[in-house]
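Asks: Just to be clear, the model below is a prediction. Sequence and coordinates:
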Amino acid sequence: MVKVHSAIVGSFPRPKGLARLVSRFNSGKISSEKLEAGYENYTRKLFKLLTSSKIKYVTDGMFRWDDILNPLANYISGVKVDGLYRFYENNFFFRAPQIEGRIKLRDDCPIPVWYQKSMEILNDVAGNNSQYVLKPVLPGPLTFTFNSINNHYSSVEDLMRDYAYDVLRPLLNELRHRNASIIEIHEPELTYDRADPKIKLLGVELLSQVFREAGVKIWLQTYFGNACKNLDFLLYLSKYIIGIDLKATEDYTKCFNYLSELNSIAVGIYDSRSTLIERNRSVYWYVNKFSKLNVSELFISNNSPMDFLPEIIAVRKIKKLGRFVDLYNKNRGDVK
Amino acid sequence: MNLPILPTTVIGSYPRPKWFREVIKGFKAGRYDVEALNEAADDAVVAVLREHEIVGVDIPSDGEMRRDEMVEYFAERIDGFKFYGPVRVWGNNFFRKPAVVGKLSYVKPMIVEEFLFARRNTSKQIIKVTITGPYTIADWSFNEYYDSKEELTFELAKIINTEIKKLEEVGALFVQVDEPALTTHPAEMEWAVQAINKSIEGINIKVGLHVCYSNYDILKPYFDVLKVTQYALEFANRGFRDLEMVKGLTKELGLGVVDVHTRRVEDPEEVARAILKAISYIEPQYLYINPDCGLKLLPRSVARAKLNSMVKGVNIVRKELGKRGLSEIPFRTNI
């Protein structure tokens, strides 16, 4: 039977205490060392929550990120950060990258260093030989392109290519050198009903090429859109872990049998946009259903970044998720 | 009643004076009682109204001094909501996103006293009163009770309608319904606009609709369906890129000419150029001038400087329009 793992994807709500530190730093009231200590402290607290909840595949909560594109956009040459734009249909806004020249990752991009720092904290919390896997998170080319203001490239295809080759690829390489074993790529745009299918196809071709060269396990996370309606694109990347938003894919039975063609699937059962806590009974029903798929690994996770939730609810959901998967596996007894 | 051509106004919120923020902090820490808090809020409203008047804004607001946030404020006053904690909106900014946990009901007037106090403290005939629309309250809340978001929105529409009727009864002349979430779920537009119409049903005063940071292509097909007099839209933030979409608009346009998310203060000539661009798509007699959105997140000095530039920019264009004999427009309550 398929292995069932617990996981969280994307961000954890930025704690108010950390937000206060960021705000004090921005107004020059505290030093960068103090802010850095704050990041480490809150990351440590999150790892304690995740490990005590037995969540195996984790992120560092993306506490240093304002949204999925920032601060990465600040470390790409050819990009200026523009006005505030709505993040898909959410009451959540991001600063759009304004493309003013040919884009290329800058040498001073600190994301790999942040990953390493988070990894050290996780090792400290869980022990060096722990089974916890920390996934750095990066935006995919479709998501970057469709949430940017393009004032330079003559086509979105060119912008996507340069992002894939000159931003994503070097970041994946750098993260691999720093021993990241799985990298989480966020591509909500792939399942969202906006981009032309031809552009989506180019997006998955670019991802496929860059992933192949990366030599590291990839977790492609989609959200806000229906995975069934975009199944062909997901199957193109079938050898990677594919994360789907179950809430946005309520009609998943329509494509259920085809999902077995994926190597691994992460089912976003826990809704990051609802305060209602999922009932174990319905989660059990879904997990049983998806465990019948002929995939090598099944991950149970939240369905999108958790920035949309109050912290107290995110904590409850994480605890429930971890406890559920742990009990589920224990009760099955046949899977180690 | 007439107004100068290109009437200047605000969208609603304005930065709270620093001393008022200190009093709020002190109130939360137990250092001030509610009387002291209310007195400070009154003083802050007077300060904001004066600031708007001194700068030369034709239709001021009370700056929403008493409101921490546009959904939160109403959710605190409608029975059936609960708060779990803050949720991030962008960068390092949060709001207390409410959750609907029971049947919603109107308790008592929510902003009528606010309006009456502002009216007593300004020399201006018209004050803009802002109220968050039913769709945005529903969209920015967690729904744990109603079977559907549509059912929740229509329940809220009844409550908002009651409040606007009370505002009309006490003499409010201009209410702006704020619906920044309106276009975010295109599939819900059909019933969302009906819910907004329900919220303004039977109202005979001027009703504006503010929609910002949105895809206006989704809003455009409903321009004539919505029973409002004016659309207050954000254009500076998008570099006035989508202005041509207002061509053929049969209602008034509240044109956003200053970006509220940057501290750079636009110069008056820049504002004038934006207005002239708008005039190539819409008759100036149907144009109001305002910032893109509420100014509350800016430092007060920057907010004031932006309003100052806005008014100066308007005056540049007014001079030109004066030469064409255009100096006044009627205050319309129905189009």
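Replies: Perfect, thanks for sending it.

Asks: State the pLDDT value of residue A:127.
Replies: On pLDDT, residue A:127 comes in at 88.

Asks: pretty sure residue A:35 contacts residue A:19?
Replies: No. Using C-beta atoms under 8 Å, residue A:35 is not in contact with residue A:19, being 11.4 Å away. All C-beta spots, glycine's among them, are computed from the backbone N, C-alpha and C.

Asks: Which one's more surrounded, those two?
Replies: residue A:19 (20 against 17; other C-beta atoms under 10 Å in any protein chain shown).

Asks: That one: what's it in contact with?
Replies: B:88, B:92, B:94 (C-beta atoms under 8 Å, 6 or more residues apart in numbering or on different chains).

Asks: In three-state terms, label it for me.
Replies: helix (DSSP: H, G, I helix; E, B strand; the rest coil).

Asks: Tell me the confidence at it?
Replies: Reported pLDDT for residue A:19: 96.

Asks: all strands for the chain, in order.
Replies: In the absence of a named chain, chain A is used. For chain A, applying DSSP state E gives strands covering A:3-6, A:57-58, A:76-86, A:93-105, A:133-134, A:137-139, A:149-150, A:182-186, A:217-221, A:241-245, A:264-270, A:297-302.

Asks: wrong one, chain B
Replies: B:2-4, B:78-90, B:93-106, B:128-132, B:142-143, B:174-178, B:206-211, B:230-233, B:252-256, B:287-290, B:328-330.

Asks: helices and strands around the fourth one, which ones?
Replies: Contact partners of strand B:128-132 among helices and strands, from 3 or more C-beta pairs under 8 Å, 6 or more residues apart in numbering or on different chains; DSSP states H and E: helix B:72-77, helix B:112-120, helix B:149-169, strand B:174-178.

Asks: okay if I get these as JSON lines plus distance to chain A?
Replies: Converted to JSON lines, the helices and strands packed on strand B:128-132 look like this (distance: least, C-beta to the nearest C-beta, whole Å):
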{"stretch": "helix B:72-77", "distance to chain A": "12"}
{"stretch": "helix B:112-120", "distance to chain A": "24"}
{"stretch": "helix B:149-169", "distance to chain A": "11"}
{"stretch": "strand B:174-178", "distance to chain A": "13"}
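
Asks: Can you lay out those as CSV showing mean neighbour count and distance to residue A:209?
Replies: Listed next are these as CSV, based on neighbours: other C-beta atoms under 10 Å in any protein chain shown; distance: least, C-beta to C-beta, whole Å:
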stretch, mean neighbour count, distance to residue A:209
helix B:72-77, 20, 47
helix B:112-120, 18, 59
helix B:149-169, 19, 41
strand B:174-178, 24, 46
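
Asks: For the stretch 151-300 of chain A, what lies in contact range of chain B?
Replies: A:274-276 (C-beta under 8 Å from any C-beta of the partner chain).

Asks: Neighbour-wise, give me the winner out of the residues you listed.
Replies: Neighbour max across these (other C-beta under 10 Å) = residue A:275, 26 neighbours.

Asks: Up against chain A, what does chain B have?
Replies: B:84-92, B:94, B:97, B:99, B:139-140, B:142, B:144, B:180-181, B:184-185, B:213-214, B:237-238, B:259, B:261-262.

Asks: so who does residue B:21 touch?
Replies: Residue B:21 neighbours (C-beta under 8 Å, 6+ apart): none.

Asks: just to revisit the earlier point, out of the strands of chain B, nearest to residue A:114?
Replies: strand B:78-90 (18.9 Å; C-beta to C-beta).

Asks: Can you give the strand pairings for the closest one, parallel or anti for each?
Replies: When pairing is defined by DSSP bridges, strand B:78-90 lines up against strand B:93-106 (antiparallel).

Asks: What lies in contact with the partner strand?
Replies: So strand B:93-106 is contacted by A:16, A:19, A:91, A:275, A:310, B:68-69, B:71-72, B:75-76, B:78-89, B:140-146, B:152, B:155-156, B:158-159, B:162-163, B:297 (C-beta under 8 Å, 6+ apart).

Asks: ok, now stretch A:156-173?
Replies: A:72, A:76, A:99, A:102-105, A:109, A:111-112, A:138, A:140-142, A:144-146, A:148, A:150, A:152-153, A:183, A:185, A:199, A:202-203, A:206-207, A:209-211, A:213-214, A:216.

Asks: just how off-centre is that stretch within its chain?
Replies: Between the centre of stretch A:156-173 and the centre of its chain there are 18 Å (C-alpha atoms, centre = their mean, to the nearest Å).

Asks: before we move on, what about stretch B:238-251?
Replies: 19 Å.

Asks: Output that stretch in CSV with nothing but the alpha carbons.
Replies: The C-alpha coordinates for stretch B:238-251 follow below in CSV (Å, rounded to 0.1, in the frame of the first residue of the first chain):
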residue,chain,number,x,y,z
ARG,B,238,-1.7,51.2,-12.2
GLY,B,239,0.0,54.1,-14.0
PHE,B,240,-3.4,55.1,-15.5
ARG,B,241,-3.0,52.1,-17.8
ASP,B,242,-6.7,51.0,-18.0
LEU,B,243,-8.3,54.4,-18.2
GLU,B,244,-9.9,53.8,-21.6
MET,B,245,-12.3,51.4,-19.9
VAL,B,246,-14.3,54.3,-18.6
LYS,B,247,-15.1,55.4,-22.1
GLY,B,248,-18.9,55.3,-22.4
LEU,B,249,-19.5,55.3,-18.7
THR,B,250,-22.9,56.7,-18.1
LYS,B,251,-22.3,57.5,-14.4
